[in-house]
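Chemist: quick check, what structure comes out for this input:
(2 chains)
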Number of protein chains: 2
Amino acid sequence: MLRSEISALLGIQYPVFQGGMAWIANAKLAAAVSEAGGLGIISAMNTDSEWLRTEIRKTRSLTDKPFGVNIMLMSPSAAEMAQVLIEESVPVVTTGAGNPAKYMENWRTAGIKVIPVVASVAFARLMERIGASAVIAEGGESGGHVGDLSTMVLVPQVCDALRIPVVAAGGIADGRALAACLMLGASGVQLGTRFLMARECDIHENYRNKLIRASDTATIVTGRRSGHPIRALKSPMTRQYAESEYDSSVDDAALTALRAGGLRKAVTEGSESEGYFMAGQVAGMLKNEESAAEIVHSIVREAEILLKGSTRWLE
Amino acid sequence: MLRSEISALLGIQYPVFQGGMAWIANAKLAAAVSEAGGLGIISAMNTDSEWLRTEIRKTRSLTDKPFGVNIMLMSPSAAEMAQVLIEESVPVVTTGAGNPAKYMENWRTAGIKVIPVVASVAFARLMERIGASAVIAEGGESGGHVGDLSTMVLVPQVCDALRIPVVAAGGIADGRALAACLMLGASGVQLGTRFLMARECDIHENYRNKLIRASDTATIVTGRRSGHPIRALKSPMTRQYAESEYDSSVDDAALTALRAGGLRKAVTEGSESEGYFMAGQVAGMLKNEESAAEIVHSIVREAEILLKGSTRWLE
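Modeler: Prediction:
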C-alpha cells in the first residue's frame, strides 16, 4: 500500500489531497474524498464564517477521517475564518493568496497543521521558518490563480530547500503524475481539476461537460498584465480578455470587470456567456464522471503499479 | 543499467539527449555527450550548409557513437541542410519550428531517424502519421522558444496518443526528473540548459556565471503578444520587452528588434547590455561546471537509484 511522510503526518490513508477550490469545494466533496482515504479540503472562500462552521460540522457528520479547510488570506473575512478553524478544531488548514504568519501561533497552539500553498523557493523557506507543517508546491499548469514555475521544476527545488514534507500540485490528474512527483521528492499530491469529475462535486453539468470535451490546449492564462494571472478554459470571454490585455487603452479595472463573478456563474449556472470556467492544463485528460472514491483509488493503484514495476527500466 | 525503448531504437547507451541549442550546440559539445553514452545533437541553426557539414565531420572524428542534428525548419537554408544530412548519413535528425513533412520521405529512405519536437497532442499525432521514429514532447518550462503546456501535462497526453517512443523535454535537470518522466510514460529525456554547464560547451563565462547565480524565479517569457514566446534569464532587456509588450504604441517589429541578435551576443560576447541569455526554468538548479560525461552519468545514476528504491513508498 502506498504510504509517505505526509500521510503519516496527517493520519490519512493515501497522500492525495483534493484542492480547496472556491465555490466548489464544499462539505459534500471534502467528506467524500476524506472518506475515500485522501484529504478532502473545504474552501472557505470569502463567504461568512457561519457558512464555514456549518460546512465543517457537515463534513464531520459525513466522515470521521481527517479533512482540511483552505483559507484565502486576502479574503476580508480571513481573520474570522481563522478563528472558526480553532473553535471547530479543524485538523488541517491550507492557505493561499498571502502570508499566514499572523494566524500561525494560534493555529499551532490549537494543534492545527498548517500547510501553505507556495509557488517559489523563497516563499517556501519563509513558510517553513514560521512553522508550517508542510507546503503545497503548486506549478503554474494548475487551474485558477497560477504561479510562474512548473511543477517539474518547482517541486525538486522546494524539496532541496526544506526539511518539512512537500506536496506537489499543478498538472496532476492520474497515478503517473503521482509516481512522477514522488520521484521529484514530493511526499504526496494535490489535485483540483480532476476532482471536478467527482459525482460528489456540485458543479453545473455544463462545466463538467466542457471539461470532458476539453483538449490538451483548452486552457489559457489571462491577467498576467494586472499581476493576477488565472487559468481557465478558453471561451469568448477569455479571448476578449487576452486581446484587451495588449490594448493599453483598456485599463486593468475594465479587464477585471470582464471576469468578475464569472466563476460563480460557471459553477452554479453553467453560463456560456458569463461563466469563467477555471481549470488546469489537465482538463484534456478528463474523461468521465466518477465517484471521489474511484478517483482516489484509481490514482493510488496506478502509482503503486508503476512504483512496483520500476525496475523494468533497469537490467 | 538504465535502458528504454528509445536507447534501443537509436543504439545509444542512455536515454539522455542534449538539446540542439542554436549558437551553442556544436560538434565539440555533441561529440562529448554522445561519447558519454547520451545523444549529442548539433544545432544547424541558420548558418550555411558547409558549416554544418564541417561540424558533422568533426563530430565523427571525435566519436564513433550515434549523434543527431537539429534543423530549425523556418531557417532559409533548411532545404540545403536537409540534403547535407542525407549526404553525410547523419543517424538522427530532430526538427523544430515547423512541419518536416516535405523532407520526411528522403530522410527515411536515407535511413535517418526523424524525431520532431512537439508541444501539443495534435501536432504529435501528425508527426507519427507522417513517419516520425519518435517525438520530443517539450514543455513550456524549457529555455528558448516555448509552447504552452508543461512537461507534467504534455508528456502523458502525448504518450496516450502515440505508439512511437516519446522523449520528454522542458524542466529536466537531474535524475529525479528523468525518473519522473519515465513514470509519466516517456522513454527518455532531452536536456538543454543543464548542458550549458558542460565544460565542452563553448559559451562565454558571463553566460555560465549568470546561470550559476540564477534563482528559481530567474527566467521570464517574452514575445507572447507576437506569437513567438521565448524564455530567457531576466535582464534589463527582457524587463523592457515585457513592459513594452503591454504598450500598444510599441509594435511587434520594435519589440523583435530589441532582442535581435541577442543570443549570439550572449553566447560569444557575454554582453551584459545586449545579450539575450536563453535558459529554462531549471536555471535555478545549476551549480557548477562539469564535464558532459559527468552530467550524463550523474543524471543516469540518480535515476537508477530512485527507480531501484521505489518500493520504499509501498509497504
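
Chemist: what residues does the stretch 201-315 of chain A have near chain B?
Modeler: Within reach of chain B by CB under 8 Å from any CB of the partner chain, the stretch 201-315 of chain A has these residues: A:215-217, A:225, A:245-249, A:280-282, A:284-285, A:304, A:306-308, A:310-311, A:313-315. From N, CA and C alone the C-beta is placed, and that goes for glycine too.

Chemist: now with 7 Å, please.
Modeler: A:216-217, A:225, A:245-249, A:281-282, A:284-285, A:304, A:306-308, A:310-311, A:313-315 (CB under 7 Å from any CB of the partner chain).

Chemist: okay, now A:E289: neighbour count?
Modeler: The local packing of A:E289 (other CB atoms under 10 Å in any protein chain shown) involves 17 other residues.

Chemist: which pLDDT value belongs to it?
Modeler: At A:E289, the pLDDT value in this model is 96.

Chemist: packing partners for the longest helix seen in chain A?
Modeler: Counting residues, the longest helix found in chain A (DSSP state H) is helix A:292-308. If contacts are counted by 3 or more CB pairs under 7 Å, 6 or more residues apart in numbering or on different chains; DSSP states H and E, helix A:292-308 sits against strand A:16-18, helix A:27-35, helix A:175-184.

Chemist: hang on, the earlier thing: now the buried members of the residues of the stretch 201-315 of chain A next to chain B.
Modeler: Using 16 or more other CB atoms under 10 Å in any protein chain shown as the burial test, these include A:216-217, A:225, A:245, A:281-282, A:284-285, A:304, A:306-307, A:310, A:313 as buried.

Chemist: of those, which is the nearest to B:P236?
Modeler: Nearest to B:P236 among those, counting by CB to CB, is A:R225 at 19.9 Å.

Chemist: I'd say the closest one and A:E245 touch.
Modeler: Yes: under the criterion of CB atoms under 7 Å, A:R225 makes contact with A:E245 at 4.8 Å.

Chemist: any shared contact partners between those two?
Modeler: Common neighbours of A:R225 and A:E245, counting by CB atoms under 7 Å, 6 or more residues apart in numbering or on different chains, are B:Y246.

Chemist: quick one: the strands in chain A, in order.
Modeler: Ranges of strands within chain A are A:16-18, A:40-43, A:67-72, A:92-96, A:113-118, A:135-138, A:144-145, A:166-169, A:188-191, A:219-222, A:230-233, based on DSSP state E.

Chemist: just put the ones you listed in CSV and tack on mean pLDDT, distance to B:Q83 and mean neighbour count.
Modeler: Formatted as CSV, the strands of chain A follow (pLDDT from 0 to 100; distance: least, CB to CB, whole Å; neighbours: other CB atoms under 10 Å in any protein chain shown):
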stretch, mean pLDDT, distance to B:Q83, mean neighbour count
strand A:16-18, 98, 53, 31
strand A:40-43, 97, 59, 28
strand A:67-72, 96, 59, 27
strand A:92-96, 97, 55, 25
strand A:113-118, 98, 51, 25
strand A:135-138, 98, 48, 30
strand A:144-145, 94, 50, 20
strand A:166-169, 98, 46, 30
strand A:188-191, 98, 48, 30
strand A:219-222, 97, 40, 22
strand A:230-233, 97, 44, 24
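
Chemist: turn the ones you listed into TSV, including distance to B:Y276.
Modeler: What follows is the strands of chain A, written out as TSV (distance: least, CB to CB, whole Å):
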stretch	distance to B:Y276
strand A:16-18	40
strand A:40-43	42
strand A:67-72	38
strand A:92-96	34
strand A:113-118	30
strand A:135-138	29
strand A:144-145	30
strand A:166-169	32
strand A:188-191	36
strand A:219-222	23
strand A:230-233	28
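
Chemist: of all those strands, which lies closest to B:L162?
Modeler: strand A:219-222 (21.7 Å).

Chemist: can I get that closest one in CSV, CA atoms only?
Modeler: Extracted in CSV, the C-alpha atoms of strand A:219-222 (Å, rounded to 0.1, in the frame of the first residue of the first chain):
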residue,chain,number,x,y,z
THR,A,219,-6.9,26.4,-21.2
ILE,A,220,-5.5,29.9,-21.2
VAL,A,221,-3.9,32.2,-18.6
THR,A,222,-5.3,35.8,-18.5
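
Chemist: give the partner strands of it in its sheet and their orientations.
Modeler: Its sheet considered, strand A:219-222 pairs with strand A:230-233 (antiparallel) by DSSP bridges.

Chemist: do you know the pLDDT at A:A257?
Modeler: You'll see A:A257 listed with a pLDDT of 89.

Chemist: might you report the residue contacts of A:D202?
Modeler: Contacts of A:D202 (CB under 7 Å, 6+ apart): A:N26, A:K28.

Chemist: now do the one 4 residues further on
Modeler: Contact analysis of A:N206 by CB under 7 Å, 6+ apart lists A:G270.

Chemist: quick one: it from A:I71, how far?
Modeler: In this view, A:N206 and A:I71 are 29 Å apart by CB to CB, to the nearest Å.

Chemist: near chain B, which residues of the stretch 1-150 of chain A show up?
Modeler: Residues of the stretch 1-150 of chain A lying close to chain B by CB under 7 Å from any CB are A:M1, A:L2, A:R3, A:S4, A:S120, A:V121, A:G139, A:E141, A:D148, A:L149, A:S150.

Chemist: surely the second one meets A:V300?
Modeler: What that stands for is A:L2. Yes: under the criterion of CB under 7 Å, A:L2 makes contact with A:V300 at 5.2 Å.

Chemist: any residues in contact with both of those two?
Modeler: Listed as contacting both A:L2 and A:V300 by CB under 7 Å, 6+ apart are A:Y14.

Chemist: A:E50 and B:E87, how far apart?
Modeler: Counting by CB to CB, the gap from A:E50 to B:E87 is 78 Å.

Chemist: with A:S43 instead?
Modeler: Between A:S43 and B:E87 the distance, using CB to CB, works out to 62 Å.

Chemist: likewise A:S310?
Modeler: With distances taken as CB to CB, A:S310 is found 43 Å from B:E87.

Chemist: now A:I24
Modeler: 60 Å.

Chemist: quick one: which of the two has more around it?
Modeler: A:I24 (23 against 11).

Chemist: now stretch A:152-171: buried residues?
Modeler: Those buried within stretch A:152-171 under the rule 16+ other CB under 10 Å are A:152-159, A:161-162, A:164-171.

Chemist: name the nearest residue to the residue nearest to the spatial centre of chain A, ignoring sequence neighbours.
Modeler: Note on chain A: the residue nearest the mean C-alpha position is A:G19, at 2.7 Å, using CA atoms, centre = their mean. Of all residues not flanking A:G19 in the chain, A:G192 sits nearest, at 3.2 Å (CB to CB, 6 or more residues apart in numbering or on different chains).
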